[in-house]
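Asker: From the sequence below, what's the structure:
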Amino acid sequence: MAGAAIAKAEPFKTGVTATRIAIGAFIVPYIFVLNPSMLLIDAAPLDIILNVLTALLGMYALSGGLTGFVQDDCTWYERLLLIAGGLCMIKPGWITDSVGLAITAAIIVWQTVRVKKRGVSPKLSV
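Answerer: Residues are numbered from 1 along each chain as shown. Next up is the predicted model:
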């Protein structure tokens, strides 16, 4: 409510948008349940670093898929792929991490090429 009042925007729409952006914060407790090494207890330093990085990238991809924007506006299939890739990276395991990273990297590269061809997104220009 306070954010909507400051922005002079609709409270419900502001709340829904804030929830979509912050979905990664809701998933953090489940990441700890799925992967206890994230608690930094009885795990090798390399495992901790890899698990933290893939979880962060997974949350980035998931947030990008839910908000519909990474480098550019996402199409519906890019959003689905980002959500799937993000969930794959959040779930621990080499196979799921590799699949999620490949999906997310492909979408980011695809969008970067698309932005460079077209120029600045109309939504970002002043």
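
Asker: which stretches of this structure have low pLDDT?
Answerer: Residues of the chain that meet the criterion pLDDT under 70 lie in 120-126.

Asker: 90 instead?
Answerer: Low-confidence segments of the chain, defined by pLDDT under 90: 1-11, 13-44, 47-48, 51-52, 55, 63, 66-73, 90-93, 115-126.

Asker: for the longest helix seen in it, packing partners?
Answerer: With DSSP state H setting the assignment, residue counts place helix 94-118 as the longest helix in the chain. Under the contact criterion of 3 or more CB pairs under 8 Å, 6 or more residues apart in numbering; DSSP states H and E, helix 94-118 touches helix 45-67, helix 76-90. All C-beta atoms are positioned from the backbone trio N, CA, C, and that covers glycine.

Asker: which one of those is the most hemmed in?
Answerer: Comparing these by mean neighbour count (mean count of other CB atoms under 10 Å), helix 76-90 ranks first with a mean of 20.

Asker: what packs against that helix?
Answerer: Counting by 3+ CB pairs under 8 Å, 6+ apart, the elements that helix 76-90 packs against turn out to be helix 23-34, helix 45-67, helix 94-118.

Asker: 6 Å instead, please
Answerer: Taking 3 or more CB pairs under 6 Å, 6 or more residues apart in numbering; DSSP states H and E as contact, the helices and strands that helix 76-90 lies on are helix 45-67, helix 94-118.
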